[in-house]
Every structure is written in C-alpha cells, then in structure tokens.
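Peer 1: Got a predicted model here, sequence first, then my questions.
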Amino acid sequence: MLKLKSMEELKRLREDMKQSFHVRSQTSTRIIVGMGTCGIVAGAREVMQAILSELDKRQIEANVETTSCIGMCVKEPLVDIEQAGQPRVTYGNIKPEMVPRLIEEHLVKGHIVQEWAVARLTGEGVK
Amino acid sequence: MLELSLHILDILQNSLEAGATRLELKITEDPAGDCLRIALADNGKGMSQEMVRKVLDPFVTTRTTRRVGLGLPMLAAAARQCDGDLEISSALGKGTRLEATFKRSHWDRAPLGNIPATLVTFLLSGSGVDLSYEHVVGERSFQFDTAEVRRELGDLPLSHPQVRQWMLETLNEGEASLREKAAAGRPTNRSV
C-alpha cells in the first residue's frame, strides 16, 4: 500500500487533470531508445532520462518508448526519432549531454543531425 | 554493470520480451544476515527445462540480431563474485522466476544504484505491464504497485509527464525512507 500522502497527491493530480480539461493531444512523434543489454550497459537509461527531462522542459509531446537490441550494439545508446510523414532516423552513440541539441535540431527545427545519424540497413538498402 | 539497478532493468526487459503482463520484483536486504537478494517473477511465456539449463551460456540467446546474450551470464557472474548465485526456475506457458543473491558487504558487490530511474524507464517501455515492487531493508519496507496507481488514475496513462514525475518522486521518497541510518559494518565511502 502506498503511503496515504502519496495516494492523496495522486488523487489530486487526477482531479487537476480532469479540471483543466487537459486532453493529451494524440502525438505521432515517437522517440525510441534501445534498451537491450547492450544499450543498458552503454548508458541508455541515462539517455532516456535526459530525453524525458528535455521534453518536459520544452513542453514537447512525444511518445518515448524502448526497444530491444537491433544488432548494432557498438553504436548504443541508439535513439530513433519517427515523425508522421518522415523517414525514421536512427542516431547512435548518444550521450545525455547530446540530448538537448538532438531535441532542438530534430524536433524543434526539423533538421536531422547528420553527424550523429547512423546508416541503417533496411529492406530497401542502406538509408 | 556499475549498478545492480542496471541488471534489474535488464531482467525486467527480458520479462517484457517474454510477453509478461504482471511482474513481481522484491529486493531484500538483510544487514544482520549480510545478504542481499533480488527476486523477479513474471507471468511471461516461460522457458523449457532445457532452456533453463542452457540460458546462462553467453552464446545462448533468444535474440535474432546477434548470437550472444550477455545479460543473464553477467548477472550470474556478479552474484557468484559476491559469494552468491543466480537461481532460475521456469515453466513453459507459466512464467519465470529469477533470484540473485549476494553477500551484502562483499567488497565487489556493486551498489544498488538508481532504482527509481530503472523502474520508471521500464514502465515507459509501453504495453501496460503491471509491476509490484517491494524493497525490504532489515525491518523497514517500501512497496509500490502500479496496479494500485492505475486504479487511481483511471484513463490517465502512466506515461503522462506529471504522473511520471509523481512516480519518480514517490519512488525516491520510498527508497530514502529505507536508508535513514547507514548500514552497520560496511565501508561508507560509496553510495549504497
């Protein structure tokens, strides 16, 4: 059982959300962080924390998810950004301190950060 | 791995990949008996007895991307290095239970580390999995059950930024409440 104080805070949160008529906009932006063993050892948990913190700071809506190993272990931590109508971009060797620029350039300004992007072999060849 | 909480994140992800919908994680620290135990049970698809026997081999994995799976072998190595072991029991279609034990004061025993970050990261892996978490240190205990949280939240998702923030704060407070006194008989120049 959670402490009474914690449960009360949660109830209050729920009430606040209801009252502010906050409808969480359906965002199609997805940020996917590799969280296989390779990613975890490379520091993906801290990268994910940095992403969540940066999105909060800038009030940007995005679905942050994890994926298991995709086979490019040497490039972990890997961060994929997928937006409606755009090809999915994979960034490699991401450190927490690189996250602010990644969010700023890719999500806010709409430019791919080429120096951090990695080529991925897909069905259609190297992207 | 530098923190036991990273091993925990790793085995939580394994359970997720096995299709588990409900996980039970219990960390038990017994300062008097000098034992630290991490137990994780899931209701995923489980493993055959043959797989259980092979699974600590680093060249055995369910991954299709590489032919190596180091997560469990590394956890077993960490436990054995600290006079402990990793026990695995599983049944196909039922689920899996892991129990890693460590001599708590062992010089090589990595700190538990940032458990709240591990749990929140795992819970954001999507898929609505429920986690029942308990951490016991001596006589004190802290419990957190996402099923309870979801009941309270109704249609608000766990991934909502403010819910996520609340979870992190609640977990941090809970963990801190277990640590008000330094553990007796241990070198104190590292975070526990």
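Peer 2: In hand now; what should we look at?

Peer 1: Can you report how many residues neighbour A:G43?
Peer 2: 17 (other Cβ atoms under 10 Å in any protein chain shown). For every residue, glycine as well, the C-beta is placed using N, CA and C.

Peer 1: and the gap between B:R164 and A:R14?
Peer 2: 14 Å (Cβ to Cβ, to the nearest Å).

Peer 1: what sits against residue 65?
Peer 2: In the absence of a named chain, chain A is used. Contacts for A:E65 (Cβ atoms under 8 Å, 6 or more residues apart in numbering or on different chains) come out as A:30-33, B:124-126.

Peer 1: Wait, chain B was what I had in mind.
Peer 2: By Cβ under 8 Å, 6+ apart, the contact set of B:T65 is A:69-71.

Peer 1: Scan the residues you listed and report the most crowded one.
Peer 2: Among the contacts of B:T65, A:C69 has the most neighbours (other Cβ under 10 Å), with 25 neighbours.

Peer 1: State the phi and psi torsions of that one.
Peer 2: Note on A:C69: backbone dihedrals following degrees, to the nearest 10 are phi -60, psi 130.

Peer 1: and the gap between the residue in chain B sticking out farthest from the centre and chain A?
Peer 2: Here chain B reaches farthest from its C-alpha mean at B:D155, the gap being 27.1 Å by Cα atoms, centre = their mean. According to Cβ to the nearest Cβ, to the nearest Å, B:D155 stands 10 Å off from chain A.

Peer 1: Also B:S5?
Peer 2: According to Cβ to the nearest Cβ, B:S5 and chain A sit 8 Å apart.

Peer 1: Which residue, other than its chain neighbours, is closest to that residue?
Peer 2: Using Cβ to Cβ, 6 or more residues apart in numbering or on different chains and skipping the chain neighbours, the partner closest in space to B:S5 is B:G113 (3.9 Å).

Peer 1: returning to what we had before: and which of the contacts of B:T65 is nearest A:R88?
Peer 2: Among these, A:I70 lies closest to A:R88 (Cβ to Cβ), at 11.7 Å.

Peer 1: Spit out the contact partners of that closest one.
Peer 2: Applying Cβ under 8 Å, 6+ apart, the residues near A:I70 are A:34, A:36, A:78, B:65.

Peer 1: and residue 106, how many neighbours does it have?
Peer 2: Going with chain A. Using other Cβ under 10 Å, A:H106 has 22 other residues around it.

Peer 1: Oops, wrong one, chain B.
Peer 2: B:H106 has 15 neighbours, counted by other Cβ under 10 Å.

Peer 1: mind pulling up the phi and psi values for the residue in chain A positioned nearest to chain B?
Peer 2: Closest approach between chain A and chain B, counting by Cβ to the nearest Cβ: A:G71, at 3.2 Å. Dihedral pair for A:G71: phi 100, psi 0, per degrees, to the nearest 10.

Peer 1: Would you check how far apart the closest residue to it other than its chain neighbours and B:E3 are?
Peer 2: Excluding its sequence neighbours, the residue lying closest to A:G71 (Cβ to Cβ, 6+ apart) is B:T65, at 3.2 Å. Distance, B:T65 to B:E3, by Cβ to Cβ: 25 Å.
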